[in-house]
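J.: I would like the atomic coordinates for the input below:
(chains A and B)
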Number of protein chains: 2
Amino acid sequence: MTATGAGPWRVVLASRNDGKLRELDRILTGTGLAIEVVALPPGPEVAETGSTFAENALIKARDAVATTGLAAIADDSGLAVDELAGMPGVRSARWAGVRAGTRADRDAANNALLLAQLDDVEAERRGAAFVCAAALVTPDGAEHVVHGSLRGRLLTAGRGEGGFGYDPLFVADGETRTNAELTADEKDLISHRGKALRELATVIADQLGGRRPA
Amino acid sequence: MTATGAGPWRVVLASRNDGKLRELDRILTGTGLAIEVVALPPGPEVAETGSTFAENALIKARDAVATTGLAAIADDSGLAVDELAGMPGVRSARWAGVRAGTRADRDAANNALLLAQLDDVEAERRGAAFVCAAALVTPDGAEHVVHGSLRGRLLTAGRGEGGFGYDPLFVADGETRTNAELTADEKDLISHRGKALRELATVIADQLGGRRPA
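T.: Model prediction:
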């Protein structure tokens, strides 16, 4: 796919997670790319059947391209807990097996389960990493996947009101605040999703015909 | 440690899980070893802080030796689910993070959580293995650990009233019945714990001065 040169490139963000959409939009805006971000139209969610973050990001981006005919950006991300052999991983959003209720309900159930599962794990063994795969798929079938990660440790109780998902439990290396206690800009600067999307922005810039992000 | 030759060797079974005790006792009796199996006296449970089955089996056996002065047999076992990167693994007994209630309550919570976590996983990806490490620790400090495993697959709903733990969800390779639908003898013949304990029996026989199990 080549950019038209006339006006911004339209890219659909393939997510229905509001917290994630806000982050994706914010981070992409911050790159200064000449793109117009559009939301995914209403419809059924595609099944995230991949066994890796990259597979799931591609599944979501391909589905959005098929639905909209636009280039699509998708991310798949999650928390890899050392003591759980890298789980919840791609199952982070549904770790407690709860499908009903709001996303906040599911976040609360996932956080409660993770804390209970790790309630006998001492501080030095509570390491974890947030991991993100970000994919760009264009209507001509070109596919790109990049990764970002953020190492840290898990607390024994949540703190903070920002972010979403496991953010209240996670303190990044070098930080004292949880991800949910950081400002949005602070989080984006260090986060797995921030790193991955800024790298993806350079890929998009190439697609845009050499116009680099500001 | 050397066997006295006068009367059976007394060995303590380092477990407070009734289902497991019944199996351990049954399997060891089946080996025909000249040992007298005694129960662990009442007391606090030792913390299973190991990150492998072998570490936990040794922790429990060492604790029982320290408490009783007798040789001790312990096992640590669990279910390694392919889709969960080998988890619940050493966390099988507390996967749902539930500490209250009876063991049956905890089994029910663990089974329900595992089924919910895998509710989108199709049949060909529902592989799992029961894994057992069995340890013998003698009062003179000698330590032996052996392993046994049983491959199979997980159903989408439990079946059967026998066994314990995840037995109702698990169908061994070559079987059509769940582990909870097998007779005790059938289960012992193929189970991870049966395999490990029969191997441990040969170690014990050596300790008993060359007297092999019948």
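J.: Around chain B, which positions in chain A sit nearby?
T.: A:47, A:49, A:51, A:83-87, A:89, A:91, A:94-99, A:112-113, A:115-117, A:119-120 (C-beta under 8 Å from any C-beta of the partner chain). Where C-beta positions appear, they are placed from N, C-alpha and C, glycine not excepted.
J.: Tell me the buried residues within those.
T.: A:83-87, A:89, A:91, A:94-98, A:113, A:115-117 (16 or more other C-beta atoms under 10 Å in any protein chain shown).
J.: send the alpha carbons of the lowest-mean-pLDDT helix or strand in chain A over as CSV?
T.: The weakest-scoring helix or strand in chain A, judged by mean pLDDT, DSSP states H and E, is helix A:18-30 (a mean of 86). Extracted in CSV, the C-alpha atoms of helix A:18-30 (Å, rounded to 0.1, in the frame of the first residue of the first chain):
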residue,chain,number,x,y,z
ASP,A,18,-11.8,1.5,25.8
GLY,A,19,-8.8,1.7,28.0
LYS,A,20,-6.6,0.3,25.3
LEU,A,21,-8.1,2.5,22.6
ARG,A,22,-7.4,5.6,24.6
GLU,A,23,-3.8,4.5,25.0
LEU,A,24,-3.4,3.5,21.4
ASP,A,25,-4.8,6.8,20.2
ARG,A,26,-2.8,8.9,22.6
ILE,A,27,0.5,7.1,21.8
LEU,A,28,0.0,7.3,18.0
THR,A,29,-1.0,11.0,18.3
GLY,A,30,2.2,11.5,20.2
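J.: Okay, and which of the residues of chain A next to chain B map to strands?
T.: Nothing among the residues of chain A next to chain B maps onto strands, per DSSP state E.
J.: Same question for the least confident helix or strand of chain A: list its buried residues.
T.: In helix A:18-30, the ones that count as buried by 16+ other C-beta under 10 Å are A:19-21, A:23-24, A:26-28, A:30.
J.: cool, and stretch A:65-78?
T.: In stretch A:65-78, counting by 16+ other C-beta under 10 Å, buried: A:65, A:68, A:70-78.
J.: Could you do stretch A:191-200 as well?
T.: A:191-198, A:200.
J.: ok, then the element right after the least confident helix or strand of chain A?
T.: Counting by DSSP states H and E, the element after helix A:18-30 in chain order, helix or strand, is strand A:35-39.
J.: between the buried residues of stretch A:191-200, which is nearest chain B?
T.: residue A:192 (18.7 Å; C-beta to the nearest C-beta).
J.: Contacts only, for the closest one.
T.: Listed by C-beta atoms under 8 Å, 6 or more residues apart in numbering or on different chains, the contact partners of residue A:192 are A:77, A:129-132, A:148-150.
J.: Just the ones of the buried residues of stretch A:191-200 in helices?
T.: A:192-198, A:200 (DSSP state H).
J.: pLDDT added to the residues you listed, as a markdown table?
T.: As requested, those are exported to a markdown table (pLDDT from 0 to 100):
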| residue | pLDDT |
| --- | --- |
| A:192 | 97 |
| A:193 | 94 |
| A:194 | 94 |
| A:195 | 96 |
| A:196 | 96 |
| A:197 | 93 |
| A:198 | 93 |
| A:200 | 94 |
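J.: so which of the buried residues of stretch A:191-200 comes closest to residue B:38?
T.: Closest approach between these and residue B:38, by C-beta to C-beta: residue A:192, at 53.2 Å.
J.: any chance of the buried residues of stretch A:65-78 in JSON lines, with pLDDT, secondary structure and distance to residue B:164 too?
T.: Below are the buried residues of stretch A:65-78 laid out as JSON lines (pLDDT from 0 to 100; DSSP: H, G, I helix; E, B strand; the rest coil; distance: C-beta to C-beta, whole Å):
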{"residue": "A:65", "pLDDT": "96", "secondary structure": "helix", "distance to residue B:164": "49"}
{"residue": "A:68", "pLDDT": "94", "secondary structure": "helix", "distance to residue B:164": "51"}
{"residue": "A:70", "pLDDT": "94", "secondary structure": "coil", "distance to residue B:164": "54"}
{"residue": "A:71", "pLDDT": "94", "secondary structure": "strand", "distance to residue B:164": "53"}
{"residue": "A:72", "pLDDT": "95", "secondary structure": "strand", "distance to residue B:164": "48"}
{"residue": "A:73", "pLDDT": "95", "secondary structure": "strand", "distance to residue B:164": "48"}
{"residue": "A:74", "pLDDT": "96", "secondary structure": "strand", "distance to residue B:164": "43"}
{"residue": "A:75", "pLDDT": "94", "secondary structure": "strand", "distance to residue B:164": "41"}
{"residue": "A:76", "pLDDT": "95", "secondary structure": "strand", "distance to residue B:164": "37"}
{"residue": "A:77", "pLDDT": "96", "secondary structure": "strand", "distance to residue B:164": "37"}
{"residue": "A:78", "pLDDT": "97", "secondary structure": "strand", "distance to residue B:164": "32"}
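J.: which of the residues you listed lies closest to residue A:208?
T.: Nearest member of these to residue A:208, counting by C-beta to C-beta, is residue A:71, at 10.3 Å.
J.: which regions of chain A sit below the pLDDT cut-off?
T.: Applying pLDDT under 70 to chain A picks out residues A:1-7, A:209-214.
J.: can you rerun that using 80?
T.: Within chain A, the ranges that satisfy pLDDT under 80 run A:1-8, A:207-214.
J.: quick one: the helices in it?
T.: A:18-30, A:53-68, A:103-117, A:184-190, A:192-207.
J.: Quick one: closest of those to residue B:40.
T.: Closest approach to residue B:40 among those (C-beta to C-beta): helix A:103-117, 26.3 Å.
J.: sorry, back to before: just the buried residues of stretch A:191-200 now: which is nearest residue B:60?
T.: residue A:192 (38.5 Å).
J.: Residue A:145 is in contact with residue A:196, correct?
T.: No - between residue A:196 and residue A:145 there is no contact under C-beta atoms under 8 Å: 9.1 Å.
J.: Need the residues touching each of the two.
T.: Joint contacts of residue A:196 and residue A:145 (C-beta under 8 Å, 6+ apart) are A:133-134.
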